[in-house]
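> the following block contains a protein sequence and its predicted model.
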Amino acid sequence: MFEKMFKRPYYIKRHLSAPLLEERLKYIQHWAELGRSKQTIQTIAQYLLRIVEFLPLETQALITIKQVEEAANNWGKYQYNHPQKRAPFSKCGKERFTWYAINWLKKINRLECLPGEDIPVLNKIFERRIALQRHATAPLLKERLMYLQYWAENGAVNNSLRKIAQYLLVIMDYLNFYHLRVVSIREIEKAADCWAKNEKIKKRKNAYSKIARARFMNDALGWLNMLGCLEKKPTRRIPFDELFKQYVTYMRVEQGLSESTIKSRTLQLQGFLIEINKKCKAFNKITLLLIDDVLNKKYKVDGYSRRSIQSYASVIRSFLRYAETQSWCQKSLADSIKTPRVYRHESLPYSPSWKDVKEVLARSKTDRQTDVRDYAILMLLAVYGLRCSEIKHLCLEDLDWKNELLHLRRAKSLKPQTFPLSEPIGNAILDYLKQVRPNNCKLREVFISRRAPYRPLSNPSIYQIVSRKLKPIAPYIKHSGPHALRHACATHLINEGLSLKEISDHLGHQGLETTRIYAKVDLTNLRKVAEFGVGDLL
């Protein structure tokens, strides 16, 4: 092979007599098979000759990265009086020497393990030796790997992992976070602003990058919170704390309420106790007049509706009844609380017209991945009248593709219900599962977040999906969340002439009284009655 590359016998003899001839020939042959030009092959052969000359390869000991770098520096300074060498140090020669040395020595198993090569996460996301070495030798390696592993297990792709790893180094630099310590939110915000203003970043178009700041804040808060190094905000002290905690335990253990119900009630109760504490420091001294003042403030100042005041008073009344049994307050205080009268069916359900619903669905049917997911959710809400929580808890096992059935458990009654899976809805869900939902996700819920870490969609997320699509088309409705589509479904079924019993079964109502309210918004048939000719009766 050397006879084909070089004409002068002197060069041929040097290459043939140098150490590790067989290994060098195999490496040269490898590049020749890849289709490299004759000139490139000659350059590779020359560099291999310099590598065996400048590195101690006579022994069987492994070569270290430090030895390679020292040899590369020596080669960069070698022959500085050569007529073709324009500078006393050849940076290009050093880089080529380093690259070929590492690449060849790895192939012949004569190079020590590179920093980071024994770390699967780093070795997976970084290909360049310099980048791998920089991340492997930086401080807090164990802590950074823990955060990267968390994202990897939650489905983050290599490009996302690479950006996260790079931002962790930036976070350490800007926060001077080279050892574990507590960091405040204010300190993180200040560092994020400095990073966003950095003018040395070449790819930025603006003097202040909002995206860079958001990424810095997101990764800094997530990583430091995982490490327990994020300064916690002082929790607001709840007045009458011991009484409050005892009542929460009572709701959880003795009443057996769900966590969502307990959370809702405790938020309202905390506000009540704070207002009471402003007027009375001893709980056993509270009076009905103080409670009425709190309720009036909710109505006149905070703008609560009568129905909201009634719900709020119900939570207070339940708490005071328990307080009476524990002798925390005077007797009969709970029964003395008066709330505004709320008339049954005094208001109509707010819902968009069926024409608006069809327009929402038509606009959502695009090839964008987010729209593919949202279209399937909107179809389930509009056609089956599902509740937000029923969409949230819908699992892959609930879809019976063989028999074309949809199984679900109703949110309020917890009763199972089965729907025939219509072809348009089935196709919408299939498109989402095939095109959008990641295959490596272990979650069983059907609808999950678009980005890692993957998690089931929350109630606020589903609300935003519907509201973002519905508000521009139907700005006249008071509420534009998922329940608006459930109301639209019920009203449409009424207008189509279905009986209340059929609609009640379709919506999963426990009684006809709940469904009867939709008869009040049956505008189509009401207009028919209004237009009915009475003839000679009058």
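Thanks, I have the structure now.
> how does this structure divide into domains?
2-107, 136-227, 241-325, 354-527 (automatic domain parsing).
> among the ones you listed, which comes closest to residue 130?
domain 2-107 (9.5 Å; C-beta to C-beta). In this view, the C-beta of every residue, glycine as well, is placed from N, C-alpha and C.
> end to end, how far does that closest one reach?
21 Å (C-alpha to C-alpha, to the nearest Å).
> on the three-state scheme, residue 419 is what?
strand (DSSP: H, G, I helix; E, B strand; the rest coil).
> touching, it and residue 404? I think so.
No: at 9.9 Å, residue 419 does not count as touching residue 404 under the criterion of C-beta atoms under 8 Å.
> what ranges do the helices span in the stretch 201-350 of the chain?
210-227, 241-253, 259-279, 288-300, 306-325 (DSSP state H, counting those that start in this stretch).
> tell me what the first one is packed against?
Helices and strands touching helix 210-227, by 3 or more C-beta pairs under 8 Å, 6 or more residues apart in numbering; DSSP states H and E, are helix 141-153, helix 158-175, helix 185-196.
> what about the closest residue to residue 354 other than its chain neighbours, which helix or strand?
Nearest residue to residue 354, sequence neighbours excluded (C-beta to C-beta, 6 or more residues apart in numbering): residue 492, at 4.6 Å. According to DSSP states H and E, residue 492 maps onto helix 482-495.
> and that helix, what does it pack against?
helix 354-364, helix 369-384, helix 388-392, helix 459-470, helix 500-507, helix 523-530.
> redo those helices as TSV? Include distance to residue 231 and mean neighbour count.
Supplementary listing: these in TSV, determined by distance: least, C-beta to C-beta, whole Å; neighbours: other C-beta atoms under 10 Å:
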stretch	distance to residue 231	mean neighbour count
helix 354-364	42	17
helix 369-384	35	22
helix 388-392	33	21
helix 459-470	26	17
helix 500-507	48	17
helix 523-530	57	11
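> kindly reformat these as TSV containing mean pLDDT.
Shown next, in TSV, are the helices and strands packed on helix 482-495 (pLDDT from 0 to 100):
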stretch	mean pLDDT
helix 354-364	92
helix 369-384	93
helix 388-392	90
helix 459-470	92
helix 500-507	82
helix 523-530	48
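> which one of these lies closest to residue 155?
Closest among those, using C-beta to C-beta: helix 369-384, at 14.4 Å.
> need the contact list for residue 393.
Residues in contact with residue 393 (C-beta atoms under 8 Å, 6 or more residues apart in numbering) are 409, 411, 445, 456.
> what's the answer for residue 416, then?
If you count contacts by C-beta under 8 Å, 6+ apart, then residue 416 has 407, 408, 409, 410 around it.
> doesn't residue 392 make contact with residue 459?
Yes: counting by C-beta under 8 Å, residue 459 touches residue 392, with 6.3 Å between them.
> quickly list what's touching both of these two.
With C-beta under 8 Å, 6+ apart as the test, residue 459 and residue 392 reach no residue in common.
> got the helices of the stretch 201-350 of the chain as TSV, with distance to residue 186 and mean pLDDT columns?
Conversion of the helices of the stretch 201-350 of the chain to TSV gives the following (distance: least, C-beta to C-beta, whole Å; pLDDT from 0 to 100):
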stretch	distance to residue 186	mean pLDDT
helix 210-227	12	93
helix 241-253	28	90
helix 259-279	26	88
helix 288-300	33	87
helix 306-325	35	89
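> let's have those in JSON lines, adding distance to residue 141.
Below are the helices of the stretch 201-350 of the chain laid out as JSON lines (distance: least, C-beta to C-beta, whole Å):
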{"stretch": "helix 210-227", "distance to residue 141": "13"}
{"stretch": "helix 241-253", "distance to residue 141": "42"}
{"stretch": "helix 259-279", "distance to residue 141": "38"}
{"stretch": "helix 288-300", "distance to residue 141": "54"}
{"stretch": "helix 306-325", "distance to residue 141": "50"}
